[in-house]
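**Q** give me a model of this one.
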Amino acid sequence: MVISKATGSKRDLDRGRLLIFLAALLWSLAGVFIKLLEIHPLTIVFYRSFFASLVFVPFLKSSEFQFNAPIIVSVISYTAAITAFVSANKLTTAANAIVLQYTAPVLVYIFSRLVLGEKISNPNALALAVSMVGVGFISFDNAGQPEMSGVLLALLSGVLFAIYMVNLQRVKEFSATYLTWLNNLVCALLVLPFVKQPLALSTDQLLIVAIMGAVQLGLPYFLFSRGLQTISLQEAALIALIEPVLNPVWVALTVGEIPSFATLVGGAMILAALAVRYLGPLLSRSR
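**A** From the prediction side, this is the model:
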């Protein structure tokens, strides 16, 4: 009986890790879509969240409709985080925007320790420290440059994303479907009054934002919320660091925006930290 429980627990952990990894993989496509769209950032945010909310409407249950303080924190931090991130992508390189957004994990660790009382394990702390040094390379390389406004917005999106992630621990009683739908619906409604340009889009642009909303935004946030049901917030934040490594790769391959040397070094450090944290124990178990 004990063996069965242990096996089930291990299976749940692996499933949760896989869900977080898939979420990060889909999130990493954001830079490609944003660079392909020659429209205002707020227009992108509106349409992306609008289509993301539509995807989950058929799966909603009337019994899930509730509202409380943690939900308010969720929708506001979510809206502010993705708005800052999309805007940063328009003002600096995709590599800078995504890597600097991932100052979020260090804040997640600090917030989860102070707010939730979660202890930071030694392997997680080491991997996080190496990753944050990598993030530092990108930050210092752009200090004082014309792209600094984009860099600051990316850092702000990291703070807001950390608040959103920590708050997810307070809304666990709500289904991932309801949370994803509500966050995106409220985001679209909050952003709409600030969209200055006409909302009319070409067929190609409409198709891109529809795919962004359904596949690149809605689905990964749903997967991330589900993954957090079985693994800790700290581990989820660490696994999600694969996103800033993959994002500039996709952008370089599709639109030819080559990351700077500092971004390449910083991304390599993040990838190395993930490899040591996860591949090391995996190889040990195999032996």
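**Q** quick one: low-confidence parts of the stretch 51-200 of the chain?
**A** 99, 105-106, 116, 138-139, 141-147 (pLDDT under 70).
**Q** rerun at 80
**A** Scanning the stretch 51-200 of the chain for pLDDT under 80 picks out 64, 89-125, 127-128, 131-132, 135-151, 169, 172, 196-198.
**Q** please enumerate the helices of it.
**A** In the stretch 51-200 of the chain, the segments counted as helices under DSSP state H, counting those that start in this stretch are 69-91, 94-101, 104-111, 122-141, 148-167, 176-191.
**Q** pull the CA atoms of the fourth one into CSV?
**A** The C-alpha atoms that make up helix 122-141 are tabulated as CSV, following Å, rounded to 0.1, in the frame of the first residue of the first chain:
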residue,chain,number,x,y,z
ASN,A,122,19.5,24.1,-1.4
PRO,A,123,19.3,22.7,-5.0
ASN,A,124,16.6,25.3,-5.9
ALA,A,125,18.5,28.1,-4.2
LEU,A,126,21.7,27.2,-6.2
ALA,A,127,19.9,27.0,-9.5
LEU,A,128,18.1,30.2,-8.8
ALA,A,129,21.4,32.1,-7.9
VAL,A,130,23.1,31.0,-11.2
SER,A,131,20.0,31.9,-13.2
MET,A,132,19.8,35.3,-11.7
VAL,A,133,23.4,36.0,-12.5
GLY,A,134,22.5,35.2,-16.1
VAL,A,135,19.6,37.7,-15.9
GLY,A,136,22.1,40.3,-14.5
PHE,A,137,24.3,40.0,-17.7
ILE,A,138,21.4,41.3,-19.8
SER,A,139,20.4,44.1,-17.4
PHE,A,140,23.9,45.5,-17.1
ASP,A,141,24.5,45.3,-20.9
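**Q** angle of that helix against helix 148-167?
**A** Orientation of helix 122-141 against helix 148-167 (axes from the mean of the first three to the mean of the last three C-alpha atoms, to 10 degrees) gives an angle of 160 degrees.
**Q** what's helix 122-141 packed up against?
**A** helix 94-101, helix 104-111, helix 233-239, helix 261-274 (3 or more C-beta pairs under 8 Å, 6 or more residues apart in numbering; DSSP states H and E). Where C-beta positions appear, they are placed from N, C-alpha and C, glycine not excepted.
**Q** if we go to 10 Å?
**A** Secondary-structure packing of helix 122-141 (3 or more C-beta pairs under 10 Å, 6 or more residues apart in numbering; DSSP states H and E): helix 94-101, helix 104-111, helix 148-167, helix 233-239, helix 242-255, helix 261-274.
**Q** which of those helices is buried the deepest?
**A** A comparison of the helices and strands packed on helix 122-141 by mean neighbour count, using mean count of other C-beta atoms under 10 Å, puts helix 94-101 on top with a mean of 29.
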